[in-house]
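Asks: got a sequence here, can you model it:
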Amino acid sequence: MTADRLQRLRQAVALDLTPLRASRDYRLLYIGRTVSYAGSMLTTVAFPYQVYQRTHSTLAVGLLGAVELVPLLIMALLGGAYADAHDRRRLLILSEVGLALCSVGLVFLALMTAPPVWMLFVLAAISAGLSGFQRPALQSLAPRLLPAELMPAAAALESFGSTFAAIGGPAIGGILISTVGLAATYALDGLSFAVSIGVVAAIRSVAPPADAERPSLGRVLEGFRYALSRKDLLGTYLIDMNAMFFGMPYALFPAIAERLGGGKVLGLLYAAPAFGAFLASATSGWTGRVHRHGRAIAMAAAFWGVAIIAFGFTTRLWPAFACLALAGAADMVSAVYRLTIWNQTIPDGLRGRLAGIEQISYMSGPLLGNVEAGVVASFAGIRGSVVSGGILCVAGTAALCWLLPEFVGYDARTSVHRKLKQAELTT
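Replies: Next comes the predicted model:
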């Protein structure tokens, strides 16, 4: 292969760093969210581990999702309305302060000999509510900092940063739990929020539109009416919720880890999907040349289900790791195109409220999926729960494609909503 061909191949697959070069404020936002997410990944491993150690129940770990769901749903909607009416940067900082205080609370509970389980669940609910309030401001900030044509590259970059953090976070978290303990692990999460707050504070203020109305129930309902009026947008929510509800076995990881090598491999299970997503995002240069985004999302969701089915039949660590990595790569592709559709087609005046709905779609699926996995495992066994979930994920994806042809047929080159958004940004 000639040098020119190698150069073209590298450009075709290499991660596009243009958004980081184009905007100082976006660079700061990217650093802050990546550091904060890396810290959160430590708690993602430590928290279910602590609950499982206290209860020895996969159902209890799964019920964490049910406890987190209600505050997340309520606060995501409220956060979306506020993000469309207030300075998104300021809302992001306030949310991060609250999440840092939750980490301090977890440190105190970890220092107790036998903390009451209900206290862990209360902190889980508070943290979920704050995350729900934060996410709309975070998601709706990037479109104000970058031009629309850089949204696919920004989506790939955000996936790259998140997956990089999600690889190191769980792996380091597993090591920290077994060496320095839960309290120190939670303390590092709190430190990551402090770093993020300092970085985000340096971003310029992002004022709401001059005609923005005060947050209200009517404003929230307006966002829902808009989402329901667009079947292509609705498909991006439902197809991910389906995949995560049926094909999300994370609540079973503590029990699966005991079969595959004990607590020391737990971090590897959590890190495996992120590792696959990292490899996919690091070679995501090709994603900008795909225009049939709905079809790409559907194919990625189906592939996720197939990989989860294969994971259910594994009996050794490295085949299990490989299956989860393939699932993570598929999820990354889906995430890139879902985020691209959202950022390229949703009007800025609705972006915060729709980001709240997006938060509901991609968080309620995993949270309810953990409950589903724990419940099914309690009577069908761990393998039965994982395999049946993967099968239902594939079946549900096919059903949604049949019910929502506008979603499957979405083409960025001909989308009326994308043209309207471009016109909005140029006026």
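Asks: could you use CA atoms for every contact and neighbour count after this?
Replies: OK.
Asks: for the longest helix along the chain, the distance to its chain's centre please.
Replies: As assigned by DSSP state H, the longest helix anywhere in the chain is helix 348-403. Relative to its chain's centre, helix 348-403 lies at 13 Å (CA atoms, centre = their mean, to the nearest Å).
Asks: all strands of this structure, in order?
Replies: With DSSP state E, there are no strands along the chain.
Asks: number of nearby residues for Phe379?
Replies: Phe379: 10 surrounding residues under other CA atoms under 10 Å.
Asks: from Ile309, how far off is it?
Replies: Applying CA to CA, to the nearest Å, the value for Phe379 to Ile309 is 18 Å.
Asks: so for Trp286, what's the pLDDT?
Replies: Trp286 is assigned 69 on the pLDDT scale.
Asks: oh, I was asking about Ala310
Replies: Value for Ala310, per-residue pLDDT: 94.
Asks: once you drop chain neighbours, what's closest to it?
Replies: Leaving aside its sequence neighbours, Ala310 sits nearest to Cys323 (CA to CA, 6 or more residues apart in numbering; 6.4 Å).
Asks: now for the one you found, how many residues are close by?
Replies: Cys323: 23 surrounding residues under other CA under 10 Å.
Asks: contact partners for the closest residue to Leu42 other than its chain neighbours?
Replies: Nearest residue to Leu42 in three dimensions, chain neighbours excluded: Gly173, at 4.7 Å (CA to CA, 6+ apart). Gly173 makes contact with 41-43, 45-46, 185, 267, according to CA atoms under 8 Å, 6 or more residues apart in numbering.
Asks: so Gly173 versus Trp304, what's the distance?
Replies: Counting by CA to CA - Gly173 and Trp304 are separated by 25 Å.
Asks: for the stretch 51-200 of the chain, give me the ranges with low pLDDT.
Replies: Along the stretch 51-200 of the chain, the parts satisfying pLDDT under 70 run over 65, 166.
Asks: mind doing that once more with 50?
Replies: Residues of the stretch 51-200 of the chain meeting the criterion pLDDT under 50: none.
Asks: contacting residues for the residue nearest to Ala310?
Replies: Contacts of Cys323 by CA under 8 Å, 6+ apart are 307-308, 310-311.
Asks: if you set the cut-off to 10 Å instead, what comes out?
Replies: 272-273, 276, 304, 306-314 (CA atoms under 10 Å, 6 or more residues apart in numbering).
Asks: just the buried ones from the residues you listed, in ChimeraX syntax?
Replies: To isolate the buried ones among the contacts of Cys323 in ChimeraX, judged by 16 or more other CA atoms under 10 Å, type:
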select :272,273,276,304,306,307,308,309,310,311,312,314
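Asks: so which of the contacts of Cys323 belong to helices?
Replies: Secondary structure defined by DSSP H assigns 272-273, 276, 304, 306-312 of the contacts of Cys323 to helices.
Asks: distance to Arg351 added to the residues you listed, as JSON lines?
Replies: Formatted as JSON lines, the ones in helices among the contacts of Cys323 follow (distance: CA to CA, whole Å):
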{"residue": "Ala272", "distance to Arg351": "32"}
{"residue": "Pro273", "distance to Arg351": "28"}
{"residue": "Gly276", "distance to Arg351": "29"}
{"residue": "Trp304", "distance to Arg351": "28"}
{"residue": "Val306", "distance to Arg351": "33"}
{"residue": "Ala307", "distance to Arg351": "33"}
{"residue": "Ile308", "distance to Arg351": "33"}
{"residue": "Ile309", "distance to Arg351": "36"}
{"residue": "Ala310", "distance to Arg351": "38"}
{"residue": "Phe311", "distance to Arg351": "37"}
{"residue": "Gly312", "distance to Arg351": "38"}
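Asks: ok, back up a step: and the residue nearest to Leu42, how far is that from Ala148?
Replies: Taken as CA to CA, the span from Gly173 to Ala148 is 36 Å.
Asks: repeat for Pro116
Replies: 49 Å.
Asks: neighbour-wise, which of these two wins?
Replies: Taking other CA under 10 Å, Pro116 and Ala148 do not tie; Ala148 has more neighbours (19 against 12).
Asks: so what's the residue count around the residue lying closest to that one once chain neighbours are set aside?
Replies: If the residues on either side of it in the chain are set aside, Ala148 comes closest to Gln344, at 5.8 Å by CA to CA, 6+ apart. By other CA under 10 Å, the residues close to Gln344 number 24.
Asks: stretch 280-287: how far from the chain's middle?
Replies: Once both centres are worked out by CA atoms, centre = their mean, stretch 280-287 turns out to sit 18 Å from its chain's centre.
Asks: closest one of the ones in helices among the contacts of Cys323 to Ser23?
Replies: The nearest member of the ones in helices among the contacts of Cys323 to Ser23, counting by CA to CA, is Gly276 at 28.2 Å.
Asks: show me what contacts the nearest residue to that closest one once chain neighbours are set aside?
Replies: Sequence neighbours aside, Ala325 is the residue nearest to Gly276 in space, at 3.9 Å (criterion: CA to CA, 6+ apart). By CA under 10 Å, 6+ apart, Ala325 lies in contact with 269-280, 304, 307-308, 311, 319, 331.
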